[in-house]
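**Q** What follows is a predicted structure for the sequence shown.
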Amino acid sequence: MRVLLLSTPYPLEEHVAPPLSLAYLAGILQKEGIEVDILDFLVSRYRPAKLRQKLEEYRPQLVGATCVTLTWKAAARMLKVCKDFDPSIVTAVGGPHVSFTVEETFRRAPWVDVVAIGEGDRTIVELAKAVAGGNDLSQVAGIAFQDGNTIVRTEPRPFVEDLDRLPLPARHLLPLGKYTALGSACTMVTSRGCPYGCVFCSANGMFGRRVRFRDPGLVVDEFEMLHRDYDFIQINIVDDTFTVNHNHTRGVCEEMLRRNLKAQWSAYARVDTMTKDIAELMRRAGCKWVVFGVESANEGILKTIKKGITREKVRSGVKIATDAGLKVFNSFIFNLPGETPETARESMDFAEQLALDCGAGYGFHILAPMPGTPLYDRAEDYGIRLLTRDWSRHDANQVITETPTMSAEMVREVAAIYDQRVEVAREYVKRRAEEGDAESIGMVKGKEKQEFIWDLIKGDVIEGVGRVAVGTARGHDAAKHALVQRVSRRVGRPVEVVEPQISGLVASGLLRLELAGDHQRWRWSDGRRPDEG
Ligand code: B12
Ligand code: SF4
């Protein structure tokens, strides 16, 4: 039995990170002795021909794609390529979008055989076994499948009670070298579930209201392994709220301190879970960034969205965190129900004030009601009119809703004011860099480097020009010189720009020269630090 898992591409601006869902699914499949591979189109160019070639070589019986709302269309297209290639391949899709749009998914993408609903770890194993044995899919809990013209929903999949029994995510199947080259953070989770019920969020629909925690020792084993074996600049703990249970937070932080780990990490938290001692402990344990969902500065809106916080709680939570030495990023959403141009300004001014008072960074998204959330399911009750059903526009950066108090045009105007502020901040960094400010220079150069590497990765440039005949370029330096020339021609940038970037990648071991018969080939490394000694 062979399973192929597919990731779906999304833009660099969305902060590209190794797909944790697929790593979890692959990890448990491997543990159960089922052969699995991941084709990661997030960090390579997606071409149907490339997918077909992989299908030809690997011959999977089951192909599973992961997606969120924004990437649903791309996932559906990929699965169509698989079905067209070989109709006997069972195509499956999972994640927080399709879990709540089963009927629509089958209607819009009839070539999809199975939708996985909710947590997929046990589901993928049972599905793979059922497919291998030619068994009835109705025995597999947590899925929906098409049976002629009817859609069959099986028993709901119970949550994995003991997360410690799940194997570690099989990240080694991902091209991690490309992610480290991009400067991406690596994500991991220490718990699943969220007890809160914010109406714009599908968290508790996906992973339940009861939070399940991993053992702090095992969490830190994984953390330590990521820090020791790979070159990630940062590890992001992406639990819905890392600080929801202080005993757990304390357990993880104290274990990090006990092992004297020097890795830098970040976490999502709620302002009302911040206390001085927990913030200080997190800081001492290496936490650099805390991301707070503030959403709005307007008390009425905060009530409507059932966020359970007030302006005062935000102010004090942010202050506690920044006083403890944590960097804070406050995340807001424009056009929540009840928004008016005035409340939007109120939020922008509040964000600005927190930046001035506490040095907290901030960012604004625009409401994109996601399936599985009350704001989507009961949009009318909230006065929300959805302007498009093109899911690829649900990136939370476009205006796709209007309400009685905010027309689409008004939302655009508000977003334009915010964009202007962002532009001013960007210009400021540029100017400071020109004046010689080291931190600003670092930011500008870091961005240039990331964009260059993204072009290499999304154009499959190294794969395309990385082959160097031994006869034409003897030795490592000559092969590097040849690579620089070719990359320069391929990406249309001068050699002076390309040379330092390529040299940096080679020096850090992220691009490696391999001998293969009569030729040499430059390849992205797998991201693992070479063994010392
Ligand atoms: C880390 C994170 C990010 C990071 C990294 C993105 C990434 N892809 O890793 C950043 C900050 C970049 C980000 C950006 C965005 N995110 Co985000 N993010 C998360 C977060 C907190 C964790 C994701 C994670 O790793 N979870 C752990 C893994 C194990 O869970 P999983 O991915 O759901 O996978 C499980 C199941 O879904 C299922 N499964 C998944 N795929 C498949 C496939 C098959 C075949 C099967 C059988 C099963 C299966 O099995 C898996 C194991 O149990 C989630 C919330 C959450 N708790 O999941 C939000 C979440 C995914 N993000 C969300 C959103 C809205 C976004 C943005 C659009 C905008 C925004 N405001 O943040 C962008 C879009 C970028 C993108 N295309 O992903 C929503 C998605 C809702 C939706 N319907 O689309 C979520 C669910 C938050 C929420 N509760 O509303 N995000
Ligand atoms: S926004 Fe955060 S706190 Fe609210 S339900 Fe979602 S994950 Fe939980």
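**A** Nice, I can see it. Ligands and ions are numbered 1, 2, ... in the order given.

**Q** Past the biggest helix by length in the chain, which element shows up next along the chain?
**A** Longest helix in the chain, counting residues (DSSP state H): helix 408-434. Counting by DSSP states H and E, the next helix or strand C-terminal to helix 408-434 is helix 438-458.

**Q** Can you tell me what sits against that following helix?
**A** 12, 43-45, 178, 181-183, 429-430, 432-433, 461-462, 487, 491, 493, 497-498, 501, 504-505 (Cβ atoms under 8 Å, 6 or more residues apart in numbering). (Each C-beta comes from the backbone N, C-alpha and C, glycine too.)

**Q** Mark which of those residues are buried, thanks.
**A** Among the contacts of helix 438-458, the ones that count as buried by 16 or more other Cβ atoms under 10 Å are 43-44, 178, 181-183, 429, 432-433, 461-462, 487, 491, 498, 501, 505.

**Q** In helices, which of those residues fall?
**A** When DSSP H is applied, these are split such that 178, 181-182, 429, 432-433, 461-462, 487, 491, 498, 501, 505 fall in helices.

**Q** From the residues you listed, pick the one nearest ligand 1.
**A** Using Cβ to the nearest ligand atom, L182 comes nearest to ligand 1 of these, at 12.3 Å.

**Q** Do I have it right that the closest one meets V43?
**A** Yes. Using Cβ atoms under 8 Å, L182 makes contact with V43 at a distance of 7.5 Å.

**Q** Overlap of the contact sets of the two?
**A** V16, I457.

**Q** How about W524, nearest residue that isn't a chain neighbour?
**A** Spatially, and ignoring its direct neighbours in sequence, W524 is nearest to G177 (4.5 Å; Cβ to Cβ, 6 or more residues apart in numbering).

**Q** Pull the contacting residues for that neighbour.
**A** Applying Cβ under 8 Å, 6+ apart, the residues contacting G177 are L510, W524, S525, D526, G527.

**Q** tell me the contacts of the last one?
**A** The contact partners of G527, by Cβ under 8 Å, 6+ apart, come to P175, L176, G177, K178, Y179, T180, Y230, D231, L510.

**Q** which of the residues you listed lies closest to ligand 2?
**A** When the contacts of G527 are compared against ligand 2 (criterion: Cβ to the nearest ligand atom), the nearest one is Y179, at 24.3 Å.

**Q** any idea how far A170 is from the closest residue in space to the closest one that isn't next to it in sequence?
**A** Once flanking residues are discounted, Y179 sits nearest to P18: 5.2 Å by Cβ to Cβ, 6+ apart. Taking Cβ to Cβ, to the nearest Å as the measure, P18 falls 11 Å from A170.

**Q** Pick out whichever of the two has more residues nearby.
**A** Applying other Cβ atoms under 10 Å to P18 and A170 shows that P18 carries more neighbours, namely 27 against 21.

**Q** Okay, that one and R214: tell me how far apart.
**A** 19 Å.

**Q** what's the farthest-apart pair in the contacts of G527?
**A** The distance between the two most remote of those (Cβ to Cβ) is 13.5 Å, for P175 and D231.

**Q** Among the buried ones among the contacts of helix 438-458, which one lies nearest to P158?
**A** Of all these, P158 sits closest to V43, with 33.7 Å by Cβ to Cβ.

**Q** Thought A17 was touching the closest one, still the case?
**A** No. At 10.2 Å, V43 and A17 do not qualify as touching, with contact defined as Cβ under 8 Å.

**Q** would you turn the contacts of G177 into JSON lines with pLDDT and distance to T249?
**A** Output for the contacts of G177, formatted as JSON lines (pLDDT from 0 to 100; distance: Cβ to Cβ, whole Å):
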{"residue": "L510", "pLDDT": "94", "distance to T249": "34"}
{"residue": "W524", "pLDDT": "96", "distance to T249": "36"}
{"residue": "S525", "pLDDT": "93", "distance to T249": "34"}
{"residue": "D526", "pLDDT": "90", "distance to T249": "32"}
{"residue": "G527", "pLDDT": "87", "distance to T249": "29"}
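
**Q** out of those residues, which are inside strands?
**A** W524 (DSSP state E).

**Q** ok, of the contacts of G177, which one's closest to T304?
**A** Nearest to T304 among the contacts of G177, counting by Cβ to Cβ, is G527 at 44.2 Å.

**Q** do you know how far the nearest residue to the closest one once chain neighbours are set aside is from F452?
**A** In this structure, G527 finds its nearest non-sequential neighbour in L176, 3.1 Å apart by Cβ to Cβ, 6+ apart. According to Cβ to Cβ, L176 stands 19 Å off from F452.

**Q** Of these two, give the one with the bigger neighbour count.
**A** L176 (26 against 21).

**Q** Next up, the contacts around that one.
**A** P18, C186, Y230, D526, G527, R528.

**Q** For the stretch 251-400 of the chain, which segments count as strands?
**A** 265-269, 287-295, 327-334, 361-366, 385-386 (DSSP state E, counting those that start in this stretch).
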